[in-house]
Structures are given as structure tokens and as C-alpha cells.
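Enquirer: Here you go, sequence then predicted model.
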Amino acid sequence: MTKVLVTGGAGTIGRAVVERLSSDADWEVRVSDYREPPVWMREACEVHQGDLRDPDVARDAVRGCTHVIHLAAIVGGIANFHKLPHTLLEMNTGLYNGVFRAALDEQVERLLYVSSSMVFENATEFPTTEAHVHGVPTPHSAYGFSKLAGEIYCRALHDEHDLPYTICRPFNAYGPGEAPGDEPGIAHIVPDLIVKVQAGLRPLPIFGSGEQTRTLTHTRDIADGIVTALASPAGVNEDFNISAGEELSVAEIARVVWEACGRDPAEFELEHQPSFEVDVQRRWPDVSKAKELLGWEAQIPVRDGIAETAEWLADHRVEWA
């Protein structure tokens, strides 16, 4: 039996990863999170709680595991990047120090680090290949910089200590499980827009011109890509864009959300609000490497996934309203 630690396993992507791992008899799963995991996770997995920035806590979490998937981080929508820049850097760097050192000390077989499309914040190549990370200008945002730093940590661990790694970069994750933030832009774009539509806002507020593009990827697809990369020998010491392939403008995404929430298409209109200092104008990854090396590609159509997410948010409104 192969035992894998999932840090941040109670988060939105983390829950999808744990569910995907738990469906495969080849994996024994341990979850580490400062939050209380849901009941199904506590019943299906070994649970560890604590602050992974503490070296002793991190070693306790990793001990006995052959693999580590590191998801624990401060994330969120565009407003979060601007509201908490120092907190992001401090927290995420502290987690790298704790978890990566523990993975090294415990000599795990592979460390899989979940990075972010924000390392390509200043991309000039579209569709953006994995190799572009070595030439793209450094991210301006603290979040993008912190996720890029994690990638450099992984390569440094391998270069100095031969620790095998895999880097996965999800693009624009969405799906059931992520509640809206307490102010616009704190959550990711899909739940942020859905709750605005469900609240009856018209015109629908968006940040910026709406011409910015995103490549929305369902959390179940992301989870499947992460687990596939971890299990494959072809994933050793490689990095992958884990993403769907359809580039949509923010205005197009807003329209899909509007219609998924049952609103009249003829009444759709947008209100353009000032955006933030860092608002990536184009995000469109090349996804051929994952297909060629791992045999993996995203499966869930955006319109189906948004409809499912809208239904989940409507059903769970009492939990976050």
C-alpha cells in the first residue's frame, strides 16, 4: 500500500484530491489541515491537524508516508492577492519550510507540489507552455511570487538532495465546495459571479473590461490530473499545466453563469467596475504535455461544471449567507 499525505486536504481542491485518491485502492490517505475535515473524510482517511509551519508538526504529519501532495496555502480570488500580500508570503513560505523539510527528512518517494497558473502572471506566450516558466518575467503579485518560490524550492530539493518531485499548475479552479467570500473578489471568479446572479444583481458587476480571458478547470478534473501525475513514472521531476483547454473571456464566463442560474439571456448586461493593480489579461495554457506524457486531459465541459456549481451554491446558501 502506498501512503500519501495531502496537506490542505480540507480545502476545495484538497477535498477533490482526497476523494479521487480514496476511490483508488492503491492509495492509503492521510489528510493534514488546520480545519476540521468533513465527516466523510474523517471516516475514509487518517486525519492530522496542526500548523504545518512548525517543523515538529510537519514531521509528524509526513512520518510514515511515501508520497506528499502539498496543497496547503492561502489562496482565493483577485481581491485576496491585494488584501493579504504579506500574509500570503509569510504563510506560504512557512509551509514550504515545514512540509518540504519534513519530506526531505522522511525521505519520501515523491513530493508533488500544487503550484498555480499565477506563476504565468506576465506570460507572453499563448498558449503558454510549461517551458515558458523559465523565461516569463517574475510575477508582480505576492501570491504569484509565492507559488513560483515553491517551484524553485522543489527543484532545489532535487538538485541538492535528489528528492523526486512533480509540479502541477491548476488553471482557474472552480466547482462545488467553494463558498463565496465576504466581499467581491475574495472568492474565485465562478462562485463570485454565481452568488451575484443568485442575489438578483442586474446589471451583473464584473471587474474590468470583461475582455480578460480565463481557462476554467473543474476541481474533479484538477484532482484527477494531480493523482495521475503522482502515480505516473513519467511525472518524476516534471511540471505540468493541469487545465482544460477552452479560453473564455470574463464576459463570456459571466454570460454562462447568468444562463446557468436560470436568468433570461435577453436580460443579460454587465456593469464594469474598476479592477485591481494585478488582473491578468490573458490566461490560456498549452495542455499538450500532460496529454503526451501522462495520457491525461480534462473531461468536464465548462457549461456543465458551472451549472453543477450553481446548483451546489443554491443548495448550500444557508451555510454561507
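Expert: In hand now; what should we look at? Numbering: from 1, shown residues only.

Enquirer: what stretches of the stretch 201-321 of the chain score poorly on pLDDT?
Expert: Scanning the stretch 201-321 of the chain with the threshold set as pLDDT under 70 gives 278, 318-321.

Enquirer: pLDDT of stretch 62-69, averaged?
Expert: For stretch 62-69, the mean pLDDT works out to 98.

Enquirer: brain fart, stretch 86-93
Expert: Across stretch 86-93, pLDDT averages out at 92.

Enquirer: Show me the strands in the stretch 101-250 of the chain, by range?
Expert: With DSSP state E, counting those that start in this stretch as the criterion, the stretch 101-250 of the chain has strands at 110-114, 165-170, 173-174, 204-207, 213-214, 217-218, 238-242, 248-249.

Enquirer: Strand partners (parallel or antiparallel) of the second one?
Expert: Think strand 165-170. If you go by DSSP bridges, strand 165-170 pairs up with strand 110-114 (parallel), strand 238-242 (parallel).

Enquirer: hmm, who's touching the last one?
Expert: It refers to strand 238-242. Strand 238-242 has contacts (CB atoms under 8 Å, 6 or more residues apart in numbering) with 115, 117, 128-130, 133, 151, 166-171, 217, 221-222, 225-226, 229, 285-287, 289-290, 293-294, 296. To be clear about C-beta, it is placed using only N, CA and C from the backbone, and glycine gets the same treatment.

Enquirer: For PyMOL, what selects the buried ones among those?
Expert: Buried residues within the contacts of strand 238-242, by 16 or more other CB atoms under 10 Å, are selected in PyMOL with:
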select buried, resi 115+117+128+129+130+133+151+166+167+168+169+170+171+217+221+222+225+226+229+285+286+287+289+290+294+296
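
Enquirer: out of the strands of the stretch 101-250 of the chain, nearest to residue 87?
Expert: Residue 87 lies closest to strand 110-114 among the strands of the stretch 101-250 of the chain, at 19.0 Å (CB to CB).

Enquirer: now that closest one, how far from the centre of its chain.
Expert: 13 Å (CA atoms, centre = their mean, to the nearest Å).
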